[in-house]
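> quick one, fold the following:
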Amino acid sequence: MSGHSKFANIKHKKEKSDAQRGKIFTKLGRELMVAIKEGGPDPNSNSKLRDAIAKCKSNNMPNDTIQRSIKKYSGEGSNVEYESVTYEGYGPNGIAVIVECLTDNKNRSASDVRHAFSKNGGNLGTAGCVSFMFDKKGQIFVEVPEGADEEELMMTALDAGADDFSVEDGVGEIITAPESFNEVYEAIEKSGLTITGGEVTMIPQNYVTTDDQTVLDQMERLVDALEDSDDVQNVYTNLE
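Okay, here's the model as predicted:
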C-alpha cells in the first residue's frame, strides 16, 4: 500500500503530559457540545457526534466522561455560541500549517494564532494558501502484533470499507473517506484489533523534511504555542 503517512500526528499526541491531557479533554468536550447543538444527542443520526466520540475514545477519554458530557450538553448546556474557524499559514522554512479553532471570539483567536506564528518564525497566510496540500481523510491507528499477517490485517481493513492500509514500526494505519470513518472505526473495533488512535484529519499529500535543528525547534514551539490556545482544536503540518 502507499505508506504515505509518517504517523506524525499520533506520535505527537502520545507525548502529551497529564496536564496537557486535561486540556485536551476540555477541548474534546467542546467538540461534543458543538456536535450535539448542531445535530442532536443521538450518535446514530448525528455523524459529527460519532466522529467526536471516536476522537474522544482515541484520546483515552473514559466512556463515563463521554456519556456525562453528552447528557450534560443534551440539556440546556452552555449558552455560549461557538463557531468553527480555520487559519492557514507557514512555519519556519515555509512549512505548511493549518489551524482549526472552535471559538466564541474570532478576534481573540486570530490574535492568538497570529502571535504564535510571528513569535516562532512563521507567518499567517490567506485562506486556501496551504490547504490544497492536504486531503481530508479518516485515519485510524491499530497495534500490529509481532508476527501478525499484514496481508490478513489489510483485508480486514479493506473489507471494513477502508481505502488504504499500511504498517510502519509495529503500527498499522487505516485510511478512510471522511464519510466512512465511523463505519470503519466500529468494524475495526469489532474485529478485535486494538485501536490506538483515530479521527477525521488533514493528511499532507507530501511531507517535507529538514535536518536544520533550529527549524525543528521553532516548529515545535509554534505547534505548542498554538495548542496552548483554548480556542485551537487541531494543528496540522506537513513536516515529517
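> show me the strands in this protein, by range?
Taking DSSP state E as the test, the strands found in the chain are 83-90, 96-103, 123-124, 134-143, 164-168, 171-176, 195-204, 232-237.
> so which bits of the fourth one are buried?
Right, the one you point to is strand 134-143. Residues 134, 137-142 are the ones in strand 134-143 that count as buried (16 or more other C-beta atoms under 10 Å). For glycine as for every other residue, the C-beta is placed from the backbone atoms N, C-alpha and C.
> in contact with residue 66, which residues?
Residue 66 makes contact with 32, 53, 56-57, according to C-beta atoms under 8 Å, 6 or more residues apart in numbering.
> what about residue 59, neighbour count?
Residues lying near residue 59 (other C-beta atoms under 10 Å) number 17.
> if we can go back for a sec, in terms of distance to residue 182, which of the contacts of residue 66 ranks first?
The closest of the contacts of residue 66 to residue 182 turns out to be residue 53 (C-beta to C-beta; 8.6 Å).
> so in the chain, which helix runs the longest?
helix 18-39 (DSSP state H).
> who touches that one?
Contacts to helix 18-39, defined as C-beta under 8 Å, 6+ apart, come from residues 16, 45-49, 51-53, 55-56, 59-61, 65-66, 69-70, 73-74, 77-78, 82, 84, 102, 227, 230, 232-233.
> what of stretch 172-187?
By C-beta under 8 Å, 6+ apart, stretch 172-187 touches 5, 7, 47, 50-51, 54, 136-144, 150, 153, 157, 159-167, 188, 193, 195, 198-200, 203.
> what about 7 Å?
Stretch 172-187 has contacts (C-beta atoms under 7 Å, 6 or more residues apart in numbering) with 5, 7, 47, 50-51, 54, 136-142, 144, 153, 157, 160-166, 188, 198, 200.
> could I get the buried residue list for that stretch?
For stretch 172-187, using 16+ other C-beta under 10 Å, the buried residues are 172-176, 180-185, 187.
> same check on stretch 24-40?
So for stretch 24-40, counting by 16+ other C-beta under 10 Å, buried means 24-25, 27-36.
> turn these into CSV, including pLDDT.
Output for the buried residues of stretch 24-40, formatted as CSV (pLDDT from 0 to 100):
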residue, pLDDT
24, 88
25, 90
27, 92
28, 93
29, 91
30, 92
31, 92
32, 93
33, 91
34, 91
35, 92
36, 92
